[in-house]
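1. Coordinates for the following, if possible.
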Amino acid sequence: MMQNPGMAPMPGMMGGVLPNPGMFGMHPGMGFPQFSPFGPPPGMMPAMQQRGDPADWNEYQNSNGASYWYNSKLGKTVNEKPAELVEYEQRRKNEAAVAAAQAKPVESKPGNGEPKKEASTKPIATKQIPGTPWCVVWTSDKKSFFHNPSTKASVWKRPPELLGSKEVDELIAQVPEDAAVDGGEKRAATTNGEASSGKREASVDTQTPTKRLRGGSVDDASRDSMDSASTSSEAGVASNVVSSSSNSKAPSQRPVVKPKIDPAMEAELKAAKDREQIPLNERIAKFKELLDEKDVSAYSTWEKELHKIVFDSRYLLLTSKDRKDVFDEFTKEKAEREKVEKRKKAEALREAFRTLLAEANLTVKTSFNDFSSKFGKDDRYRNIERMRDREDVFDEFMHDVRKKEKEQRRLDQEKIRLNFIEMVQEYSGLNRKSHWSDVKKKFRDDPRYERVDSSNQREEWFREYAKTLPKKKDKESDEDKPAEKEEEDDKVKEDREKQERQQASMRERERVVQEEMSVIAKDRDKERESHRYDEAVQHYKALLTDLVRQTDLTYKEARKILKKDSRYELADPLSKHQKEELYEEHLDQLSAKKKQTYRELLEEADVALDASWKEIKRKIREDPRYTKFSSQDSKREKEFDRFVKDKTAKALLEFRDLLKETRHIDFKTKSRIDESEQNMKDIVEILKNDKRFLVLEPLAKARKEILLEYIDDLARRGPPPPPTASEPARRH
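-> Numbers count the residues shown, from 1 in each chain. This next block holds a predicted model:
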């Protein structure tokens, strides 16, 4: 059997035999749903007899010691001994009795009740198609088909997703050597070597351990299969002894039925040995390595990923329950790793974006739009996909920039204050009672004085410095100037300075109020102008409604008429271009109104879908709405044609809605019509009860084409999905 070089041997495929359902936790003989997972599609199997060959029946025992029989060819399990096996044993007894009576060998020939074995087509090799859930399976007659283990689907034709693949073409061209062997030659070889193979199977089976596994628990189906294998092996040894003795007496007789070792059971037993010898932690690690090698998705399900891992020998290292538990644990761990990696990658991209922001030399006045227009082509900018994420990083960076700039301003201001205090300290003769108005003239030429922008700030810093000076008692000053007078002078100066500060504050307040009032005045003027414009538009529209009622007037002709009215002066705020636009809009409204009135007239005339203009014209020409629509007959006819076209399109659309509402029409309707034309007549009779069907009587041919097209479409799409069908929930 050929297999992928990078792929472990398939469990249950040893010796060219396909896997048995028992290896997947199913009872021997139950088979897979619908058909064997590696067998040809249903309906394409060669004809097989319901009564199999006695040699195809194998006897097993369950855990309770009860016997049952399984036919690997028919995929059938029975609790009672098959009738053909009973007949065969009885016939052997009769032949032995006759041989003993006549004392000569009697050649046994197959009777009427003994079915003849027919050559059957068997799958002999399979190979996984990399990157897909499909496998290629070769049969003994040199043919191949495709099988999907996940969905249990088998098809002869190549699936749509494999069409045009050169890799699949090369894979199909590599026919295994087993497929080149003729079916008849294989059967002859099997018949000739049956006795010897039975001995080998028995010897292997007797050495198979059946004790309980240590590394984990085995399900009931696996234990039953192992018990049955050990029981059948003992029966096989006894059968070989009887077979050898009977062959020496009657060499022409058929060999007795020999139990065979189930290949799936052999694979399970081998895996059981491994589970005993290898610790659980190591087996779990190997199974996780398998999942990692097969690139199992962290957000997929067990059923979707099973086809990737089921053919690997490490798959059987764990029991069915442990596999799913380890699979769930692996997917959760992988999902967490992917999330961490995704966060790290995103953080690295954000860090690169911050580096770009740092290199851009941004200021507090730089906006995000300005930055994007300048650095939009940089890779560090494009690596962050969402614009919202870029803007968030930009805002965080700009917040830090503003914070740093604010701190820098504070440091600069503190430096200016210290320089100012140093300048004041250099002046001698200051005391706690010194006034800023007396000494500030002496500092005006100093650059440290000019660095302080506000005069109030200078005075405030001077006062703070003056408070730090020590108190001094000057006796000479006390003798020259009484204390009362000095205090009075200080109070006068303080009052004067306070008044000056109040006046400066009032002037500043008046300036701010004037600016605010100017803004309010501008807004008021804009609102007044907008109100005048709206009034002018209303007056002009009213003038157009009263004087312009024909659509064939040009703007120049209409303006001459409008100027004669006294209300025309009320529209002076409007420019010439604005008046012309309002006039065109008025004409469009008149045309739409006339068109609507004309169409209402056609609706009242009950225009059929195949009606001609001459017939309808005779019906409606006396109506005043006919003449008001247009003075030209060609325009009336064009509008009539557009009306019929719109009505036809609407009728066809409503007929399609009628078909969707008709429950009598479903995906089986086409097959019923092919069987009998009466079904089509019944559908037509049902549809005749609806007005939407009858209105299309003039277009009967188009109506029938739509009906047939709808029936074909339903048949092509097949039965609708059940209302409860939904996609499986994603892992999180």
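2. Touching, residue 175 and residue 138? I think so.
-> Yes. In this structure, residue 175 is within contact of residue 138 by CB atoms under 8 Å, at 6.5 Å. In this view, the C-beta of every residue, glycine as well, is placed from N, C-alpha and C.
3. Looking at the two, which is more packed in?
-> Per other CB atoms under 10 Å, whichever of residue 175 and residue 138 has more neighbours is residue 138, with 23 against 14.
4. Got phi/psi on that one?
-> Dihedral pair for residue 138: phi -100, psi 140, per degrees, to the nearest 10.
5. picking up where we left off before, now do the shared contacts for residue 175 and residue 138.
-> By CB atoms under 8 Å, 6 or more residues apart in numbering, residue 175 and residue 138 have these common neighbours: residue 144.
6. which residues of the protein score low on pLDDT?
-> Applying pLDDT under 70 to the chain picks out residues 1-52, 63, 99-121, 176-264, 471-488, 723-732.
7. And residue 610, how close does it get to residue 647?
-> Residue 610 sits 11 Å away from residue 647 when distances are taken as CB to CB, to the nearest Å.
8. In terms of neighbours, single out the busier of the two.
-> residue 647 (18 against 10).
9. so where does that one fall, helix or strand?
-> Using DSSP states H and E, residue 647 sits in helix 633-661.
10. Show me which positions of that helix end up buried.
-> For helix 633-661, burial by neighbour count (16 or more other CB atoms under 10 Å) applies to 636, 639-640, 643-644, 647-648, 651-652, 655, 658-659.
11. Check stretch 274-284 too.
-> Residues of stretch 274-284 classed as buried under the neighbour-count rule (16+ other CB under 10 Å) are 274-275, 283-284.
12. With stretch 438-451 instead?
-> By neighbour count on 16+ other CB under 10 Å, the buried set for stretch 438-451 is 443, 448-449.
13. which residues sit against that stretch?
-> Contacts for stretch 438-451 (CB under 8 Å, 6+ apart): 416, 419-420, 422-424, 427, 430, 458-459, 462.
14. Helices - which of the buried residues of stretch 274-284 land there?
-> The helices, defined by DSSP state H, take in 274-275, 283-284 from these.
15. CSV for those, including distance to residue 354?
-> CSV is the format used below for these (distance: CB to CB, whole Å):
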residue, distance to residue 354
274, 54
275, 54
283, 47
284, 42
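16. can you name the two of these that are farthest apart?
-> Largest separation among those by CB to CB: 274 and 284, giving 13.1 Å.
17. what's the helix holding residue 647 packed up against?
-> helix 576-604, helix 613-620, helix 624-629, helix 691-694, helix 700-717 (3 or more CB pairs under 8 Å, 6 or more residues apart in numbering; DSSP states H and E).
18. Now render those helices as JSON lines, adding mean neighbour count.
-> Below are the helices and strands packed on helix 633-661 laid out as JSON lines (neighbours: other CB atoms under 10 Å):
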{"stretch": "helix 576-604", "mean neighbour count": "15"}
{"stretch": "helix 613-620", "mean neighbour count": "14"}
{"stretch": "helix 624-629", "mean neighbour count": "14"}
{"stretch": "helix 691-694", "mean neighbour count": "14"}
{"stretch": "helix 700-717", "mean neighbour count": "14"}
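19. Make CSV from those helices and add distance to residue 315 to it.
-> Listed next are these as CSV, based on distance: least, CB to CB, whole Å:
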stretch, distance to residue 315
helix 576-604, 73
helix 613-620, 79
helix 624-629, 82
helix 691-694, 60
helix 700-717, 38
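20. closest one to residue 377 among the ones you listed?
-> Going by CB to CB, the one of the helices and strands packed on helix 633-661 nearest residue 377 is helix 576-604, 41.4 Å.
21. between that closest one and helix 633-661, what angle do the directions make?
-> 60 degrees (axes from the mean of the first three to the mean of the last three CA atoms, to 10 degrees).
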